[in-house]
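S.K.: sequence plus predicted model, see below.
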Amino acid sequence: MTDCTQRPFPHNLDVNTSVKVFQYQGSRWKTIPTAFGGFVELISLNLDNNCLEILDQDCFINLQHLSCISLSHNQLTEITDHIFDNNEFLRYIDFSKNNIRTIGLHVFSNSTNLKNLEMINLRDNELTHLEP
């Protein structure tokens, strides 16, 4: 487990591909660096209480073993289409306490890829409606 709580994100991150749990909280980090793609064995990613504003569509593409993503208490405004297309083991997603106004129509529609999904937390966001 790697816990970077309250530390600045290292620009020269040496990715240990065997890391299973990564926690990074309490920073001014606005995006997820591409270096995360190297954490190919990652099961749990906790990026709560940061300043995340944008999630690149491919930010989780190499993290095929992820079962838990927690991104609560950030400044996210949207969840883009196909962001979880390569994450078939996801069981838990927490987007609570952000500023999310928009969720792409195809974020959760690919039931084959998200067949294990048990819980999505969207509490305390700025959503006004959800498309079926």
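M.R.: Great, that's in hand. Numbering: from 1, shown residues only.
S.K.: in space, not sequence, find me the middle residue of this structure.
M.R.: Ranked by distance to the mean C-alpha position of the chain (CA atoms, centre = their mean), the top residue is residue 69 at 4.9 Å.
S.K.: hang on, it in a strand?
M.R.: Yes: going by DSSP: H, G, I helix; E, B strand; the rest coil, the assignment for residue 69 places it inside a strand.
S.K.: and residue 114, how far from residue 86?
M.R.: Here residue 114 is placed at a distance of 11 Å from residue 86 (CB to CB, to the nearest Å). For the C-beta atoms, the positions are set from N, CA and C on the backbone; glycine is no exception.
S.K.: when those two are compared, which one has more neighbours?
M.R.: Neighbour comparison, residue 114 and residue 86: the larger count goes to residue 114, with 19 against 15 (by other CB atoms under 10 Å).
S.K.: now do the same contact list for that one.
M.R.: 84, 87-88, 90, 108 (CB atoms under 8 Å, 6 or more residues apart in numbering).
S.K.: can you check residue 104 too?
M.R.: 78-83.
S.K.: cutoff 10 Å now
M.R.: By CB atoms under 10 Å, 6 or more residues apart in numbering, the residues touching residue 104 are 57, 78-83, 131.
S.K.: next one: it from residue 67, what distance?
M.R.: For residue 104, the distance to residue 67 equals 22 Å [CB to CB].
S.K.: for residue 96, see how far away residue 76 is.
M.R.: For residue 76, the distance to residue 96 equals 11 Å [CB to CB].
S.K.: overlap in contacts of those two?
M.R.: Counting by CB under 10 Å, 6+ apart, the contacts common to residue 76 and residue 96 are residue 125.
S.K.: returning to that earlier point: distance check, the residue nearest to the centre of the chain against residue 32.
M.R.: According to CB to CB, residue 69 stands 11 Å off from residue 32.
S.K.: any shared contact partners between those two?
M.R.: Jointly contacting residue 69 and residue 32 under the rule CB under 10 Å, 6+ apart are 45, 47, 55, 60.
S.K.: surely residue 36 is in a strand?
M.R.: No: according to three-state DSSP, residue 36 belongs to no strand; its state is helix.
S.K.: remind me which residues of this structure are low pLDDT?
M.R.: In the prediction, the chain carries residues with pLDDT under 70 at positions 1-16, 110-111, 131-132.
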